[in-house]
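S.K.: I would like the atomic coordinates for the input below:
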Amino acid sequence: MGRNSRERHKAKRKAADASQRRRGLTEPGFDGPVFLRADRPSPAQIVAELIDRAVMAADRQQPAEFARCRDLLVVGPGGAAGMQVVNRELFATLLDEVEQCWQRGWQPAELIRAARREGGARHARLMTDACAGQMREHPAATVGQAWRNQLAGATTWWTHDDRFVNDWAAHHNVDRAEAVATILETVHLLLVMPPVDMIGPMSGAPDEGDSNGELDQRLLDRVRALLAKAEATDFPEEADAYTAKAQELMTRHRIDHALLAAKADKRDRPGSRRIAVDNPYEMPKSLLLQAVAEANSCRAVWMKRFGLVAVVGYAADLDATEVLFTSLLVQATRAMTGAGSKTDRAGRNTTRSFRQSFLTSYAHRIGERLTTASEQVAQETAASTRGAALLPVLAARTDAVNDAVAEQFPEMTHVSTSVNNHDGWASGRAAADRALLHGREELAS
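M.R.: Sure thing, here's the model as predicted:
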């Protein structure tokens, strides 16, 4: 059972005021709020300052100061009544920062994932509860199915918002100090998460930039059927042919839609999608996603801290990239693990370096092959009666994607990966290059 609306509004307003102060936490010389009033600060003001200082200490990696603030929050100013103020302010601050992250483009599942990566399972459970709590501020009728699905099973199970800290500690079998520390660490994470592109509104209304030209469901079914065959077969030649045919179908759809949209003077614009990429071998997996994205006229940006790759492109191209990457990762993993463990001449285990090099090589070669398949379709179209209109249309769409990437990631940097296992590199390339792209005519039926 939550607080009544007036109490919640007052608490959230206090948390929002504190949030504005905390947002300067990375500014040089900022040492937290200082009370200038002559009268004695209220318990709520004291608690707000302690939260600010704890978050600042977490940001500056000052464990002693963080522990000091945490311990003061555990007991609260003025005994039992002060603990109640701490509970109220901590939870209101947590909910406010969740809402702020939603407004900056993050979705519930992404926040939960970030909490798990940064802190662990306990932080992920706290983030899930915080998202469920904040979702009460949004009537069910105004929340789209995609957002509801991300919080399926999440409930506001605690007895009262003012008891959340104590209830959460008991529910997860930790003491109050650990519960307070987990909340403070999660608030800090929420504060440092940067703005990202809004991917579909919470309301479930179609996003203008990501609703045009999506892959037709029948085409998606055909593509997924081809990729399922590629994943199931034990013959590399068949897997290559099925994958190539899937890429060809998606490229033809992309070109057809681009030409139709240009002819109708329809102003599509690029959208975004964030795809989770997990360890182990996070970087080469991200390289594979980048290779697939570029073959489908998209751009990929690795958000390393959060284990996500942001893919920017037109709707159909984003669909193509996601379904193809998912399948190719399955195929690559199967080929990689099929090679077994590795040792060098001295008997040292080199399995990790082998697999790192394997996936990196696989990504490079798959990118070449998919690009070749796409270019063949483009060349066929260019040689047809529609060819004169094709090049300027594709060039304009490429420019639009590049502009969208520059706008979303103005401080993007480039990273490189090293390969130190020749056997892994050669095996990865061979896995991606065992057969010519033949058999497409037979597969068409």
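
S.K.: When you work out contacts or count neighbours from here on, use the C-alpha atoms and nothing else.
M.R.: Fine.

S.K.: Kindly state the domain boundaries assigned to this structure.
M.R.: Taking automatic domain parsing as the criterion, the chain consists of the domains 5-192, 208-444.

S.K.: Can you tell me the closest non-neighbouring residue to the most centrally placed residue in the chain?
M.R.: For the chain, the residue sitting closest to the mean C-alpha position, by Cα atoms, centre = their mean, is Leu308 at 4.0 Å. Spatially, and ignoring its direct neighbours in sequence, Leu308 is nearest to Ala276 (4.5 Å; Cα to Cα, 6 or more residues apart in numbering).

S.K.: For the one you found, give me its contacts.
M.R.: Residues near Ala276 by Cα atoms under 8 Å, 6 or more residues apart in numbering: 307-309.

S.K.: Thr350 and Pro236, how far apart?
M.R.: 25 Å (Cα to Cα, to the nearest Å).

S.K.: neighbour-wise, which of those two wins?
M.R.: Taking neighbours as other Cα atoms under 10 Å, Thr350 and Pro236 compare with Pro236 leading, 19 against 14.

S.K.: Gly82 versus Val74, what's the distance?
M.R.: Look at Val74 and Gly82: by Cα to Cα, they are 9 Å apart.

S.K.: Identify the contacts common to those two.
M.R.: Common neighbours of Val74 and Gly82 (Cα under 8 Å, 6+ apart) do not exist.

S.K.: buried stuff in the helix or strand containing Arg254?
M.R.: Using DSSP states H and E, Arg254 sits within helix 236-263. Neighbour counts over helix 236-263 (16 or more other Cα atoms under 10 Å) mark 236-251, 253-255, 257-259, 261-262 as buried.

S.K.: Determine the set of other helices and strands touching that helix.
M.R.: helix 217-232, helix 315-338, helix 351-382, helix 387-408, helix 440-444 (3 or more Cα pairs under 8 Å, 6 or more residues apart in numbering; DSSP states H and E).

S.K.: Give me the buried positions along the third one.
M.R.: By neighbour count with 16+ other Cα under 10 Å, helix 351-382 contains the buried residues 351, 353-374, 377-378, 381.

S.K.: what do you get for the second one?
M.R.: Within helix 315-338, the residues scored as buried using 16+ other Cα under 10 Å are 315-325, 327-329, 331-332, 335-336.

S.K.: And stretch 93-112, by the same measure?
M.R.: So, applying 16+ other Cα under 10 Å, buried residues of stretch 93-112: 93-102, 105-112.

S.K.: OK, contacts around Ala179?
M.R.: Taking Cα under 8 Å, 6+ apart as the test, what Ala179 contacts is 165-166, 168-169.

S.K.: Closest one to Arg218 out of those residues, please.
M.R.: Nearest to Arg218 among these is Trp168, at 46.8 Å by Cα to Cα.

S.K.: got the contact list for that closest one?
M.R.: 158, 179.

S.K.: For the stretch 101-250 of the chain, just list every one of the helices.
M.R.: 108-118, 121-135, 145-150, 164-171, 176-192, 217-232, 236-263 (DSSP state H, counting those that start in this stretch).

S.K.: And those helices: which comes nearest Phe66?
M.R.: Using Cα to Cα, the helices of the stretch 101-250 of the chain put helix 176-192 closest to Phe66, at 8.6 Å.

S.K.: That closest one vs helix 164-171, what angle?
M.R.: 120 degrees (axes from the mean of the first three to the mean of the last three Cα atoms, to 10 degrees).

S.K.: Helix 176-192 vs helix 121-135, what angle?
M.R.: 70 degrees.

S.K.: residues of helix 176-192 that come out buried?
M.R.: In helix 176-192, counting by 16+ other Cα under 10 Å, buried: 176-191.

S.K.: between the residues you listed, which is closest to Gln150?
M.R.: Comparing these against Gln150 with Cα to Cα places Leu190 closest, at 17.8 Å.

S.K.: quick one: that closest one and Cys101 touch, right?
M.R.: Yes - using Cα atoms under 8 Å, Leu190 makes contact with Cys101 at a distance of 6.6 Å.

S.K.: Surely the residue nearest to the centre of the chain touches Arg274?
M.R.: Yes - using Cα under 8 Å as the test, Leu308 is close enough to Arg274 to be in contact (6.1 Å).

S.K.: where does Asn296 sit relative to Ala363, distance-wise?
M.R.: Asn296 is 14 Å from Ala363, where distance means Cα to Cα.

S.K.: do the same with Glu411
M.R.: On the measure of Cα to Cα, Glu411 and Ala363 end up 25 Å apart.

S.K.: which regions of the stretch 301-445 of the chain lie under the pLDDT threshold?
M.R.: When residues are selected by pLDDT under 70, those of the stretch 301-445 of the chain lie in 385, 387, 414-445.

S.K.: Not counting sequence-adjacent ones, nearest residue to His123?
M.R.: That would be Ala115: by Cα to Cα, 6+ apart, it lies 5.4 Å from His123.

S.K.: If we only consider the contacts of Ala179, which is nearest to Arg148?
M.R.: Set against Arg148, the nearest of those by Cα to Cα is Trp168 (22.7 Å).

S.K.: Before we move on, what's the pLDDT of that closest one?
M.R.: The pLDDT attached to Trp168 in the predicted structure is 97.

S.K.: same deal with the one 4 residues further on?
M.R.: The model reports His172 with a pLDDT of 95.

S.K.: Next: Gln20.
M.R.: Gln20 is assigned 53 on the pLDDT scale.

S.K.: and what of Thr182?
M.R.: At Thr182, the model reports a pLDDT of 98.

S.K.: which residues sit in contact with it?
M.R.: Applying Cα under 8 Å, 6+ apart, one finds that Thr182 lies in contact with 122-123, 126.

S.K.: Just the buried ones from those residues?
M.R.: Buried among the contacts of Thr182 by 16+ other Cα under 10 Å: 123, 126.

S.K.: now the contacts of Thr182 in CSV, with pLDDT and distance to Pro201?
M.R.: Listed next are these as CSV, based on pLDDT from 0 to 100; distance: Cα to Cα, whole Å:
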residue, pLDDT, distance to Pro201
Arg122, 96, 28
His123, 97, 25
Leu126, 98, 24
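
S.K.: quick check, nearest of the contacts of Thr182 to Val301?
M.R.: Nearest to Val301 among these is His123, at 26.0 Å by Cα to Cα.

S.K.: Spell out the secondary structure type for Arg274.
M.R.: Here Arg274 is recorded as strand under DSSP: H, G, I helix; E, B strand; the rest coil.
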